[in-house]
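> Predicted model and sequence below, questions to follow.
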Amino acid sequence: MIPPRLRPLGLLLGLALPLLAAPLEAQTKKVSQAPDVPTPRVIAYRWMSLEKWREFHQGDLDRAKAGPIDVLFLGDSITDAWDKAGLKVWNEAFEPLKAANFGIGGDTTQNVLWRITEGGALQGVHPKVVVLMIGTNNIGLHQHTPDAVARGVTAVVKTLRQTLPDTRILLLGIFPRGETPGDRYRQAVAAANERLAKIGAGDRHVRYLRIWDEFLRPDGTMSKDVMPDFLHPSEAGYRLWTQAMMPTLREMLGE
């Protein structure tokens, strides 16, 4: 069995990413954080160094070479954690579908754009379906507006369509975040989703799916049983995600 992703154990001293090897100060000066401009990770977080981000990206390149991929998940930490909190559900539901996980924690639309263009993450892969969810970090880390998030996601979808013309794209609305309906991030995500729903309209290769109420109580509040930090799903949250998405995914796979 091929795991959801392959993560190299050593440091990627030979990885040919010259921009990423530059000093952080120099990178920050050179690199745009516009949501629709391909941009590698240039900000180190306490929970992920730039070196670790490069390792994760290399792991995706290695996974692309390891075997056929029919379903490719692309996104940020919510996608990345399929091989953590969601691993049991992944093995049950998606491993049989020849799925691969190309999520990296902390990523934004511009980071994903870089990975699938200059970073070469799509080279040699021909998935039947790409499951894409990205944008919550644009809001949470960069304070991008809903319109800016939509521009970034549109750029990702356009790039996927150009690079993988025969692949179908299941574009997921960004999941709710924050404990209550009045949470400012929750409201920003909801506004962004209104715009994401229009992406790919008229393109039979693109399908939008909003998974929202499934994570919430009837009064709109969120339980820690579903998302312990009101952002990242627990195993129960990944199971809810799977149940809500699987009928659409199977339809797109032609099953």
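Noted; the coordinates are in hand.
> what's the neighbour count on the nearest residue to Arg217 once chain neighbours are set aside?
Spatial nearest neighbour of Arg217, chain neighbours left out: Ser223 (6.3 Å); criterion: C-beta to C-beta, 6 or more residues apart in numbering. In short, each C-beta sits where N, CA and C put it, glycine included. The local packing of Ser223 (other C-beta atoms under 10 Å) involves 15 other residues.
> Could you check how far Val112 is from Arg177?
Remark: distance between Val112 and Arg177 (C-beta to C-beta, to the nearest Å) = 18 Å.
> More neighbours: these two, which one.
Using other C-beta under 10 Å, the more surrounded residue of Val112 and Arg177 is Val112, with 30 against 21.
> Show me what the helix or strand that that one is a member of is packed up against.
Counting by DSSP states H and E, the element that carries Val112 is helix 109-116. If you count contacts as 3 or more C-beta pairs under 8 Å, 6 or more residues apart in numbering; DSSP states H and E, helix 109-116 packs onto strand 71-75, helix 146-163.
> Save these as TSV, and put in mean neighbour count and distance to Leu171 too.
TSV is the format used below for the helices and strands packed on helix 109-116 (neighbours: other C-beta atoms under 10 Å; distance: least, C-beta to C-beta, whole Å):
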stretch	mean neighbour count	distance to Leu171
strand 71-75	25	10
helix 146-163	20	6
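> nearest to Arg204, of these?
With C-beta to C-beta as the criterion, Arg204 lies closest to helix 146-163 of the helices and strands packed on helix 109-116, at 11.2 Å.
> what angle sits between the closest one and strand 71-75?
Using axes from the mean of the first three to the mean of the last three C-alpha atoms, to 10 degrees, one finds that helix 146-163 and strand 71-75 are set 150 degrees apart in direction.
> Tell me what angle the helix or strand that helix 146-163 is followed by forms with helix 146-163.
Using DSSP H and E, the helix or strand that follows helix 146-163 towards the C-terminus is strand 168-172. Orientation of strand 168-172 against helix 146-163 (the same axes, to 10 degrees) gives an angle of 160 degrees.
> Strand 168-172 - contacts with which helices or strands?
So strand 168-172, by 3+ C-beta pairs under 8 Å, 6+ apart, packs with strand 129-133, helix 146-163, strand 206-209, helix 235-252.
> Could I get the ones you listed in a markdown table, plus columns for mean pLDDT and distance to Gly119?
Output for the helices and strands packed on strand 168-172, formatted as a markdown table (pLDDT from 0 to 100; distance: least, C-beta to C-beta, whole Å):
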| stretch | mean pLDDT | distance to Gly119 |
| --- | --- | --- |
| strand 129-133 | 99 | 15 |
| helix 146-163 | 99 | 12 |
| strand 206-209 | 99 | 22 |
| helix 235-252 | 99 | 25 |
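> ok now the helix holding Val112, how far from the chain's centre?
10 Å (C-alpha atoms, centre = their mean, to the nearest Å).
> Tally up the residues packed near Leu231, please.
Leu231 is flanked by 16 other residues according to other C-beta under 10 Å.
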